[in-house]
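Participant: any chance you can model this:
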Amino acid sequence: MRTAISALLLWAAATTAIAQGTELPDNAAARVGDEIITMDEFRATLLRRYGGTQEGQQTLGNLVTDILVETEARKRGVTVSDKDLEAYLRGVEEKLKRFSGGKQTLEDLLKERQVTYEEFKEISRGFLLRQRMAAKDLGIEGEVSNAKLGVWIEDLKKKGGVKFTDLPEDTFAMVGGRPIQGKVFGDALIRQLSPDRLETTLWDLCIARAVKQRLGDWKVEITDADIDASLADLKREFEADPRFKNLKVDFDQWVKTVRRMTVAELREDDGFLAQVGLTKKLRNDLTEAEVRAHFDENREKFGEKRTFVHLL
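Facilitator: I've put the predicted structure just below:
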């Protein structure tokens with residue numbers, strides 16, 4: 001039931017604080033009350049959550065490949081004209097119609113994949129650049145297979161001076177001296193990740209900010225002792241985690257794996273501090289009966305289904 005109370009508090013704090021339908025300034029991802037959650041904060045959270053995942057590393061690898069191909073094409077003077085690009089796009093459209101029996105168009109496919117036509121044009125231009133250079137290097141007439149294209153790209157990476165370690169701050173890769181920094185990587189993740197993941201990440205940021213504001217209204221002050229107590233609770237969770245039972249992993253390593261931040265960073269994280277503050281609020285003066293009464297009086301606002309999903 002404690003979990004239920006926390007969820008209701010989170011939902012109430014967020015729904016009352018997050019502005020709906022308001023104009024947002026540039027570089028703003030959301031507004032919570034009078035505070036702005038910036039795109040930089042949003043990107044940083046996405047990078048922490050997904051940058052080290054398989055999908056994130058694939059996105060970073062694609063960025064590296066794009067830079068290598070662009071650099072190599074400029075060096076060789078290889079270009080793709082608008083005429084060639086339009087011919088390729090017409091060919092893609094014709095293949096789609098043929099394979100789908102006339103039921104699917106390029107517009108349908110792009111809408112399904114949530115890619116704009118302009119984005120697809122740039123992707124196609126890069127593909128044609130790779131094809132032309134790889135075909136010449138490999139002595140192949142016509143289209144180069146994906147397998148051979150992959151080998152060609154790996155060879156390009158070896159020659160291109162790609163680095164993923166010993167990098168400056170906010171740099172995730174270096175390609176021939178050119179850095180891929182957080183803004184570029186973060187924007188690539190925004191294009192790559194599903195809308196559900198993006199929405200969930202932004203919603204978590206909004207909830208944390210809303211709770212932080214509400215804690216001030218509740219006059220709940222978070223002390224170092226409160227944080228230490230919550231970390232002790234988290235440590236007990238670590239000790240009971242069956243995934244790490246037989247592994248030589250300490251608490252700090254577990255936090256980095258599960259929360260994707262160090263313990264020091266966790267102590268400063270708005271999301272974690274929101275949990276700490278809510279726990280203190282619950283322990284101090286909020287009864288389950290009060291929360292249940294509030295929920296029963298505002299069922300149309302919370303929604304049974306939405307609240308239950310949030311609890312899970």
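Participant: unless I'm mixing things up, residue 149 is touching residue 134, no?
Facilitator: Yes - between residue 149 and residue 134 there is a contact under Cβ atoms under 8 Å: 5.4 Å. From N, CA and C alone the C-beta is placed, and that goes for glycine too.
Participant: more neighbours, the two?
Facilitator: A direct count of neighbours by other Cβ atoms under 10 Å for residue 149 and residue 134 places residue 134 higher, at 22 against 19.
Participant: if I pick the nearest residue to the more buried one once chain neighbours are set aside, what's in contact with it?
Facilitator: Nearest residue to residue 134, sequence neighbours excluded (Cβ to Cβ, 6 or more residues apart in numbering): residue 152, at 4.2 Å. Counting by Cβ atoms under 8 Å, 6 or more residues apart in numbering, residue 152 makes contact with 130, 133-134, 137-138, 144.
Participant: likewise for residue 27?
Facilitator: By Cβ under 8 Å, 6+ apart, the contact set of residue 27 is 38-40.
Participant: and stretch 113-127, what's buried?
Facilitator: Buried residues in stretch 113-127, counting neighbours by 16 or more other Cβ atoms under 10 Å, are found at 120, 124-126.
Participant: count of neighbours near residue 243?
Facilitator: Residue 243 has 10 nearby residues by other Cβ under 10 Å.
Participant: give me the three-state assignment for it.
Facilitator: helix (DSSP: H, G, I helix; E, B strand; the rest coil).
Participant: which residue ranges of the stretch 201-312 of the chain form helices?
Facilitator: Using DSSP state H, counting those that start in this stretch, the helices of the stretch 201-312 of the chain run over 224-239, 251-259, 263-268, 270-285, 288-297, 299-302, 304-311.
Participant: looking at those helices, which one is packed in the most?
Facilitator: Comparing the helices of the stretch 201-312 of the chain by mean neighbour count (mean count of other Cβ atoms under 10 Å), helix 270-285 comes out on top with a mean of 18.
Participant: before we move on, the earlier item: tell me which entries of the buried residues of stretch 113-127 lie within helices.
Facilitator: Within these, residues falling in helices by DSSP state H are 120, 124-126.
Participant: I'd guessed residue 37 sits against residue 30; true?
Facilitator: Yes - at 4.6 Å, residue 37 counts as touching residue 30 under the criterion of Cβ under 8 Å.
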